[in-house]
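Undergrad: next one to model:
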Amino acid sequence: MNTMKNIAVSALRIGAGAIFCLNFLAACSALPSPPVPAAVYDFGPSALAAPVQPAAPRRAPLVLADVESPGLPEGSTALHYRLTYADAQQLRAYQRARWSQPPARLVQQSVAAALGAERPVLSLRAAREAAREGDAGLLVLRLELEEFSQVFASPSQSEGVLRLRATLSQPTPQGERLRAQRVFALREGAPSADAAGGSAALAQAARKAANELSVWVNQTAP
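TA: Numbers count the residues shown, from 1 in each chain. Next comes the predicted model:
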């Protein structure tokens, strides 16, 4: 009799243990999966390389103001795209991808590297000090990033689109005097119809814009 009782108690314990294990496994399977980290993109190693110093004498210094991006939240690192076949006016943002810095800052670094190969690039504070001292030889370059997004013509075809407005002015005690203005618009085909392809196309467009901008500045302000 005691033997049968012991067997029954043991079976009850084993059954309870099995039920506990099943409940534990079920609870674990019901836990939410950890969030997938967003992919982070920049303009690549070439954007960080120091410019090669030319053998010719350096040009006059130039002030590069902070690049502005009107229409976008300040400090946003979103990687944007548009669907022209659905709603071209809606600017969308990838949920699992972003830039390492705000796009305006990345563009500014690319422009500064291109300009720095020809002349010293100074901060905006230097322009204000020059204006107070009556220095009329220092020019200020202001940039507005009006468009910087991956544009889809179809679900499988897209390109990086950049539109950059450049304004070259001269500081005076009365304010800045306009010297020249130009809009740079570039389109680069994306190697793939996703965030990786879009970021690569936009980085290439930014590099080309920086080089074209440098040529324009050198022609306008030798």
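Undergrad: low pLDDT regions in this structure?
TA: Low-confidence segments of the chain, defined by pLDDT under 70, span residues 1-36, 46-57, 127-128, 130-137.
Undergrad: rerun that using 80 as the cut-off
TA: By pLDDT under 80, the low-scoring segments of the chain are 1-37, 46-58, 124-137, 171-175, 222.
Undergrad: show me where it has strands.
TA: 39-41, 62-64, 78-83, 87-99, 121-122, 139-154, 157-172, 175-189 (DSSP state E).
Undergrad: let me know which of those is tucked in deepest.
TA: strand 62-64 (a mean of 22; mean count of other C-beta atoms under 10 Å). Every residue, glycine included, has its C-beta placed from N, CA and C.
Undergrad: one step back: for Pro70, which of the strands of the chain is the nearest?
TA: For the strands of the chain, the distance to Pro70 is smallest for strand 139-154, at 6.1 Å, taking C-beta to C-beta.
Undergrad: elements contacting that closest one?
TA: When contacts are defined as 3 or more C-beta pairs under 8 Å, 6 or more residues apart in numbering; DSSP states H and E, strand 139-154 sits against strand 62-64, strand 78-83, helix 103-116, strand 157-172, strand 175-189, helix 195-220.
Undergrad: cutoff 7 Å now
TA: Helices and strands touching strand 139-154, by 3 or more C-beta pairs under 7 Å, 6 or more residues apart in numbering; DSSP states H and E, are strand 62-64, strand 78-83, helix 103-116, strand 157-172, helix 195-220.
Undergrad: and the angle for that strand with helix 195-220?
TA: Here strand 139-154 runs at 150 degrees with respect to helix 195-220, directions being taken by axes from the mean of the first three to the mean of the last three C-alpha atoms, to 10 degrees.
Undergrad: center of this protein, which residue is that?
TA: Closest to where the C-alpha atoms of the chain average out (C-alpha atoms, centre = their mean) is Pro103, at 3.2 Å.
Undergrad: with adjacent residues omitted, what lies nearest to that residue?
TA: Phe148 (4.9 Å; C-beta to C-beta, 6 or more residues apart in numbering).
Undergrad: how much space between that neighbour and Arg98?
TA: According to C-beta to C-beta, to the nearest Å, Phe148 and Arg98 sit 13 Å apart.
Undergrad: hey, C-alpha coordinates of stretch 66-84 in CSV?
TA: As requested, C-alpha coordinates have been extracted for stretch 66-84 and formatted as CSV (Å, rounded to 0.1, in the frame of the first residue of the first chain):
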residue,chain,number,x,y,z
ASP,A,66,26.6,75.7,-41.1
VAL,A,67,24.6,74.0,-43.8
GLU,A,68,20.8,74.5,-43.2
SER,A,69,18.1,72.0,-44.1
PRO,A,70,14.8,74.0,-44.2
GLY,A,71,11.7,71.9,-43.8
LEU,A,72,13.3,69.1,-41.7
PRO,A,73,13.4,68.8,-37.9
GLU,A,74,16.6,70.1,-36.4
GLY,A,75,19.1,67.4,-35.6
SER,A,76,17.1,64.7,-37.5
THR,A,77,19.2,61.7,-38.8
ALA,A,78,16.3,60.2,-40.8
LEU,A,79,17.1,58.6,-44.2
HIS,A,80,14.2,59.9,-46.4
TYR,A,81,12.6,58.5,-49.6
ARG,A,82,9.8,59.4,-51.9
LEU,A,83,7.5,57.2,-54.0
THR,A,84,6.8,59.1,-57.2
